[in-house]
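Undergrad: how does the following fold in three dimensions:
(one chain, ligands or ions: 1)
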Amino acid sequence: MGFVFGNGAGGIGGRCYGRLPWLHQHYRWGVGSMSGNGIAILEAQPQDLDLAGVEQRMQPHAETVAELLRRYPVKRAALLQMLWLVQSEFAWIPRVAIKWAARQCEVSPVHAFSVVEFYTMYRQVPWGRYTFRVCHNMACHIQGAEELIAHLERRLSIRAGETTPDGLFSIERVECIAACGNGPAVQINDDFLFGPDGLNQLQEGWHPTPEIMDDWIERLRAEAEANPQAPRNDELGGIILASPGHPGAEGAQAQVQQTGYAKPPPPLKVAAKAGEENGTVTITWLAAPECSDTLCEYSDDNGASWSQCGNVVPASVPGPPGPKNCSLTHSSAPALGLTRQYRVWSVLPDDQRRVSAVVEYRISEEGAS
Ligand code: FES
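TA: Sure, this is the predicted structure:
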């Protein structure tokens, strides 16, 4: 099974903290994975949340959304931040919210989904209000990381990658977080635990112990009791908008590059064959839909010089959205025995270009090849 039923351990009288009402179902989410597994993810999807509901939840972030989109030359470049914003609102990323982010960034839902699947910091199941992140890399391993993780697991009755049924605590194994000197390095949400005087208070030579973790569990429980409503973003770092050096931000030196951002994808599957009419050649290729034009060229001197023999505007080719099957007929076939080369350029509206692979066409006594 992809989930197990929680036993209530680690909870506070079944009370649910923060914005995780689904955890009342008393499933233990994310078994065996930081971001969840297939069955747990499907089980976690709130049945009463649709696109309109996501839109409503994200409405307070409308200005942030607009600002994020403004800072990038193309909308799809804002996808990581858009998903992060969704996670800051929901504390995880429901499937339907992936669709919402995809729409904002004008990418397909499956593209946005693949991004969420790839990065484990995106959570696909409801997550705890407080996450103990424990580094298990070498420097921390030899300072007792496994013992500390085992202690937390025992104490909270969950495994690393899981959340307590009350939605209060999660445990995460993480790679080096650059606090090796205070290993085994621990973060509580985004804050470092590397001193006795509170979070982010560095004291050299100080190391977390099981007793210190017990103390923090009690402190965090008390904090949640005093403030059952988890503050927004309380476990997420500032998103890119807080970075003054980011292109497009006030006073930033770097500028968003509005044009020339990326070359177009080259035409694919270029092929040349004998045309329907004698003495003609038909050239076919697959063009990316964002190209404003595709230009076909030929060379009869092994690529020393090229001449254009026609063009096809992908947008003018009928068919469903997506790559376009383009073709044109070159009215002049090469002389018998001569090898001709064809290639096709993709062209973007800002004149960025990329060329395809070269294909050869030859007519011999046996026919065209
Ligand atoms: S190895 Fe654990 S913080 Fe660097």
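Undergrad: and residue 60, how far from residue 227?
TA: 20 Å (Cβ to Cβ, to the nearest Å). Where you see a C-beta, it was placed from the backbone N, CA and C, and this is true even at glycine.
Undergrad: and the residue nearest the centre of this protein?
TA: residue 115 (2.9 Å; Cα atoms, centre = their mean).
Undergrad: doesn't that residue fall inside a helix?
TA: Yes: looking at residue 115 with DSSP: H, G, I helix; E, B strand; the rest coil, it is inside a helix.
Undergrad: contacts only, for it.
TA: Neighbouring residues of residue 115 by Cβ atoms under 8 Å, 6 or more residues apart in numbering: 79, 80, 83, 122.
Undergrad: quick check, the third one in contact with residue 100.
TA: No: under the criterion of Cβ atoms under 8 Å, residue 83 makes no contact with residue 100, lying 9.8 Å away.
Undergrad: what is the neighbour count of residue 76?
TA: Residue 76 is flanked by 16 other residues according to other Cβ atoms under 10 Å.
Undergrad: coming back round to it: out of the contacts of residue 115, who has the most neighbours?
TA: Going by other Cβ under 10 Å, residue 83 tops the contacts of residue 115 with 24 neighbours.
Undergrad: need the three-state assignment for that one.
TA: Residue 83 is classified as helix under three-state DSSP.
Undergrad: where does residue 98 land in three-state SS?
TA: Residue 98 - assigned by three-state DSSP - is helix.
Undergrad: got a pLDDT number for it?
TA: Looking at residue 98, its pLDDT reads 96.
Undergrad: residue 90 too?
TA: 87.
Undergrad: isn't it up against residue 57?
TA: Yes: assessed by Cβ under 8 Å, residue 90 is found in contact with residue 57 at 7.1 Å.
Undergrad: who's more crowded, those two?
TA: residue 90 (20 against 17).
Undergrad: grab the nearest non-local neighbour of the more buried one.
TA: With Cβ to Cβ, 6 or more residues apart in numbering as the criterion, residue 90 has its nearest non-adjacent residue at 6.2 Å, and that residue is residue 97.
Undergrad: tell me the spacing between that neighbour and residue 66.
TA: From residue 97 to residue 66 the distance is 18 Å (Cβ to Cβ).
Undergrad: isn't residue 44 right up against residue 123?
TA: No: with contact defined as Cβ under 8 Å, residue 44 does not count as touching residue 123 (9.7 Å).
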